[in-house]
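> no sequence for this one, just the structure:
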């Protein structure tokens, strides 16, 4: 357990295992603990870094925040974490909103990224019906403001995730402070992001888009299918749905390791 002071925050992070650095970026809720079970199955191959994103759980804010550049700041935090623990570029997996952060990291700081696994980013503007989903997240925010967090969370889960994910999310420990922070600062903003597809395409050889098998037909699955098509990369399927790393941690880890090995073998020699 360690901390890193960055502009405007103190980041909490942990490293486990040994080998090349694999940094995992959490999504909504911003909490490292969602990766804890899958981390146990990755430490034989990688040094796994998990952390709380700024403003969530143990990563405390320090002074005023520029929420107009929140996503860029999230990406800057990841760059600083990588540089703190490694002299080499890292493998980066971002889940859900964390996948949007991961894509922003590759856009802004490509030199610190060895391989990028964006797992089901809710970057809904990539969809042909993207505006419908942008409007959905705006309505969800209004529901949160008028009816509180729980009704909004129920609607969010019902409309966007497979049944296995909904059940697991409903059973997960509640953290009202994290949920409030996410609703206030990310719910509308991150899904509405316009990805810089030209820059991402220029670094497409480092992108390994991934989805959960049980998510087929749901928006985050379809976002990555669109992203893969636009940057010319095949999309890999991993066990479970949107949070397969929670519901199927051992199988998820095994297939992730296999996918990264195939990616590494397919790269040209330096």
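Right, received. Where do you want to start? Model, not experiment: these values are computed from the prediction.

> burial count for residue 108?
By other C-beta atoms under 10 Å, 16 other residues sit near residue 108. Every residue, glycine included, has its C-beta placed from N, CA and C.

> Now it: closest residue in space, sequence neighbours ignored.
Nearest residue to residue 108, sequence neighbours excluded (C-beta to C-beta, 6 or more residues apart in numbering): residue 75, at 5.1 Å.

> ok, now residue 149?
Residue 149 sits nearest to residue 179 (C-beta to C-beta, 6+ apart), 5.1 Å away.

> ok, that neighbour - contacts?
By C-beta atoms under 8 Å, 6 or more residues apart in numbering, the contact set of residue 179 is 29, 149, 153.

> which element is it on?
Using DSSP states H and E, residue 179 sits within helix 176-185.

> Show me the strands in the stretch 51-200 of the chain, by range?
Counting by DSSP state E, counting those that start in this stretch, residue ranges of the strands within the stretch 51-200 of the chain are 60-61, 90-95, 113-119.

> out of those strands, which comes closest to residue 133?
strand 113-119 (17.1 Å; C-beta to C-beta).

> what mean pLDDT does that closest one have?
This predicted structure assigns strand 113-119 an average pLDDT of 98.

> what about stretch 36-47, how long is it end to end?
Using C-alpha to C-alpha, to the nearest Å, one end of stretch 36-47 lies 13 Å from the other.

> Could you pull up the residues touching residue 224?
Counting by C-beta under 8 Å, 6+ apart, residue 224 touches 118-121, 209-211, 235.

> Helices along this protein, start to end?
36-39, 70-85, 97-108, 130-147, 149-160, 163-171, 176-185, 197-202, 219-231, 244-247, 249-266 (DSSP state H).

> and these as TSV, adding distance to residue 57?
Shown next, in TSV, are those (distance: least, C-beta to C-beta, whole Å):
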stretch	distance to residue 57
helix 36-39	12
helix 70-85	14
helix 97-108	14
helix 130-147	20
helix 149-160	16
helix 163-171	17
helix 176-185	6
helix 197-202	29
helix 219-231	23
helix 244-247	16
helix 249-266	20
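
> Could you work out which of those helices reaches nearest to residue 10?
helix 70-85 (10.7 Å).

> residues making contact with the closest one?
Residues contacting helix 70-85 (C-beta under 8 Å, 6+ apart): 4, 6-9, 11, 13, 15, 21, 23, 25, 47, 49, 51, 53-54, 65-66, 89-90, 92, 100-102, 104-105, 107-109, 112, 185-186, 189-190, 193.

> What remains of those residues if I keep only buried residues?
By neighbour count, with 16 or more other C-beta atoms under 10 Å, those hold 4, 6, 8-9, 11, 13, 15, 21, 23, 25, 47, 49, 51, 53-54, 65, 89-90, 92, 100-102, 104-105, 107-109, 112, 186, 189-190, 193 as buried.

> which residue is nearest the middle of the chain?
Closest to where the C-alpha atoms of the chain average out (C-alpha atoms, centre = their mean) is residue 98, at 2.1 Å.
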